[in-house]
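Q: Any chance you can model this:
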Amino acid sequence: MTQPESKRSPSADDRAAYGTETIKILSGGAANGLVRRLEARFYRETGLSTDGDYGAVGGMVERIRGGEAVDLMILTKANIDDLTASGHVLAESARHIGRVATGISVNQGQPIPSIADSASLHRTLSAASALYVPDTRQSTAGRHILSVLGALGLAQTMQGRLREFKNGLTAMQQMALDDVPGALGCTQITEIVATPGVVYAGDLPGEHGLSTTYTAAVSSAATRPAEATIFISILTDPAEADTRRDSGFSTIGQHIEESAKI
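A: Model (predicted):
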């Protein structure tokens, strides 16, 4: 059973620190941590804070196509390409942020499992008491995880052990809270490194690997297009390369190509 998606709306502390005026963001969960790290700079430059929802990219695309008001969207490159073609993206506003790998996590204090190749990944997943994952229908990592389990012949074996949530960040937060012995997580690295109590064990190996390009763009219906453009410049600023890396983003081309349009 999936759980509610992660909503990052301005809290009372945010409003006191950054003010009440906001830009609206719809984003895949992969960018949640990066936005949080950079929203203070955005406020210093614009006087605005952020009002963001972060969840499975498929659900975000549905909301945008349905006419929901949004200033800035951060989704996969494929999503942004499709939304550009349908007129939902302001022409020439899209900028790539970086690539995000999908991998395995463990609770802090647990041994780091071997996932160096297909055989070791099979053994590690087979031994897991539970596997915490994002939405397997609408999220980038969730759909990929199902395909990996199928390729390894573990779809039936793992069916009763899957713990599915609306996005990877929520899955990792619940994994840390539950602290189930022998449990594993599988989602994008950005959602793992943003969660206290869980540790990144490594990328999915070889033919099971996935690295996804995330792209920011201004909505064609934005009420604050200039400010959204400023935030995109911050998200992609070469001076913030360390911030992106620490949040789990890598330089375009550093990881493998996406194996399919997702």
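Q: Please count neighbours and contacts with C-alpha atoms only from this point.
A: OK.
Q: low-scoring pLDDT stretches of this structure, where are they?
A: 1-19, 252-262 (pLDDT under 70).
Q: Give me the residue at the spatial middle of it.
A: The centre of the chain sits closest to residue 30, judged by Cα atoms, centre = their mean, with a distance of 1.6 Å.
Q: In contact with that residue, which residues?
A: 100, 168, 169, 188, 189, 190, 191 (Cα atoms under 8 Å, 6 or more residues apart in numbering).
Q: next one: residue 224
A: Applying Cα under 8 Å, 6+ apart, the residues near residue 224 are 23, 71.
Q: phi, psi of it?
A: Main-chain torsions, residue 224, degrees, to the nearest 10: phi -130, psi 60.
Q: what do you get for residue 249?
A: phi -90, psi 140.
Q: what's the answer for residue 161, then?
A: Phi and psi for residue 161, reported as degrees, to the nearest 10, are phi -100, psi -10.
Q: That one contacts residue 133, doesn't it?
A: No. Using Cα atoms under 8 Å, residue 161 makes no contact with residue 133, being 10.4 Å away.
Q: neighbour count winner among the two?
A: residue 133 (31 against 14; other Cα atoms under 10 Å).
Q: element containing the more buried one, please.
A: strand 130-134 (DSSP states H and E).
Q: Compare the contacts of residue 30 and tell me which has the most neighbours.
A: residue 168 (35 neighbours).
Q: ok, that one - contacts?
A: 29, 30, 133, 134, 135, 141, 187, 188, 191, 192.
Q: For residue 95, the count of nearby residues, please.
A: Residue 95: 19 neighbours (other Cα under 10 Å).
Q: Go ahead and confirm it touches residue 216.
A: Yes. Under the criterion of Cα under 8 Å, residue 95 makes contact with residue 216 at 5.4 Å.
Q: so what sits against both of those two?
A: residue 232.
Q: For the helix or strand harbouring residue 24, name the packing helices and strands.
A: Using DSSP H and E, residue 24 falls within strand 22-28. Strand 22-28 sits against strand 49-55, helix 57-65, strand 72-76, with contacts defined as 3 or more Cα pairs under 8 Å, 6 or more residues apart in numbering; DSSP states H and E.
Q: got the angle between the longest strand seen in the chain and strand 72-76?
A: In the chain, assigned by DSSP state E, the strand with the most residues is strand 95-107. Strand 95-107 runs at 60 degrees relative to strand 72-76, counting by axes from the mean of the first three to the mean of the last three Cα atoms, to 10 degrees.
Q: thinking in terms of the whole chain, how far from its middle is the helix or strand following strand 95-107?
A: Counting by DSSP H and E, the next helix or strand C-terminal to strand 95-107 is helix 118-127. Mean-position distance between helix 118-127 and its chain equals 24 Å (Cα atoms, centre = their mean, to the nearest Å).
Q: picking up where we left off before, spatially, which two of the contacts of residue 168 are the most separated?
A: 135 and 192 (15.3 Å; Cα to Cα).
Q: Compare the two and say which is more crowded by neighbours.
A: Higher neighbour count among residue 135 and residue 192: residue 192, with 31 against 28, using other Cα under 10 Å.
Q: Let's see the longest helix along the chain as PDB, backbone CA atoms only.
A: Longest among the helix segments of the chain by residue count, using DSSP state H, is helix 32-46. The C-alpha coordinates for helix 32-46 follow below in PDB (Å, rounded to 0.1, in the frame of the first residue of the first chain):
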ATOM      1  CA  ASN A  32      13.900  17.600  -2.700                       C
ATOM      2  CA  GLY A  33      17.200  17.700  -0.900                       C
ATOM      3  CA  LEU A  34      18.900  19.900  -3.400                       C
ATOM      4  CA  VAL A  35      16.100  22.400  -3.300                       C
ATOM      5  CA  ARG A  36      16.200  22.500   0.400                       C
ATOM      6  CA  ARG A  37      20.000  23.200   0.400                       C
ATOM      7  CA  LEU A  38      19.600  26.100  -2.100                       C
ATOM      8  CA  GLU A  39      16.300  27.800  -1.000                       C
ATOM      9  CA  ALA A  40      18.200  30.100   1.400                       C
ATOM     10  CA  ARG A  41      20.200  31.400  -1.500                       C
ATOM     11  CA  PHE A  42      17.100  31.800  -3.600                       C
ATOM     12  CA  TYR A  43      15.500  33.900  -0.800                       C
ATOM     13  CA  ARG A  44      18.500  36.100  -0.600                       C
ATOM     14  CA  GLU A  45      18.400  36.800  -4.300                       C
ATOM     15  CA  THR A  46      14.600  37.200  -4.700                       C
END
